[in-house]
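Novice: fold the following for me, if possible:
(one chain, ligands or ions: 1)
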Amino acid sequence: VQSMIVVSACLAGFEVRYNGTHSLNETVRELLEQKKAVSVCPELLGGFITPREPAEIIGGDGDDVLDGAAKVVEISGRDVTELYVNGAHLTLMKAQEVGAAVVVLKEYSPSCGSAMIYNGEFKGVKAVGNGVTTALLRKNGIKVISEEELGDYLALAQIKV
Ligand code: SF4
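Specialist: Residues are numbered from 1 along each chain as shown. Down below sits the predicted model:
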């Protein structure tokens, strides 16, 4: 029995990013078409719509947000931390529901980043850190990787796409 993979909806080609675009990754779309993956967008689950304002984590990363030490703020200043945390919890429920072996999330997003995010200054500068959803999934023992690590993961897990 092959376990299910959960992927960021924008990587699967759905136009769910804040600015109404996608971040299509052909391998991710193929996994979805072959029914080896299901897609999720933590921000839409959390209550956002597309398009929406860009947001960044201020004061740390996803772990700090979960600890109450950092917040997620839209570019115009609205504090949207609660929506991000909601989306993270609903994504965790979904991953647990399908028994996800791995969750493949879009790098650099304040929800989905798994190694790097933007630094909170809205200047396009990246910093080491994870997104809010990634932080919550990892706290709950779920493996999260980015699209950049997907090829290696599939090869190791001997999953043909
Ligand atoms: Fe949704 Fe994550 Fe893609 Fe952002 S990066 S659009 S939260 S799936």
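Novice: that's a strand at Val85, yeah?
Specialist: No. Assessed with DSSP: H, G, I helix; E, B strand; the rest coil, Val85 is helix; it does not lie in a strand.
Novice: in this protein, which spans are helices?
Specialist: 26-33, 42-46, 62-66, 81-97, 132-139, 150-156 (DSSP state H).
Novice: Val7: which of those helices is closest?
Specialist: For the helices of the chain, the distance to Val7 is smallest for helix 26-33, at 5.0 Å, taking C-beta to C-beta. The way it works is simple: take the backbone N, C-alpha and C, and place the C-beta from them, glycine included.
Novice: any idea how far the residue nearest the centre of the chain is from Lys160?
Specialist: Closest to where the C-alpha atoms of the chain average out (C-alpha atoms, centre = their mean) is Cys112, at 2.2 Å. Separation of Cys112 from Lys160 (C-beta to C-beta, to the nearest Å) stands at 25 Å.
Novice: same check on Glu97?
Specialist: In terms of C-beta to C-beta, Glu97 sits 25 Å off from Lys160.
Novice: circling back: can I get the helices of the chain in CSV including mean pLDDT, mean neighbour count and distance to the ligand?
Specialist: Converted to CSV, these look like this (pLDDT from 0 to 100; neighbours: other C-beta atoms under 10 Å; distance: least, C-beta to the nearest ligand atom, whole Å):
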stretch, mean pLDDT, mean neighbour count, distance to the ligand
helix 26-33, 98, 17, 11
helix 42-46, 98, 24, 4
helix 62-66, 98, 22, 12
helix 81-97, 98, 20, 7
helix 132-139, 99, 26, 7
helix 150-156, 97, 13, 14
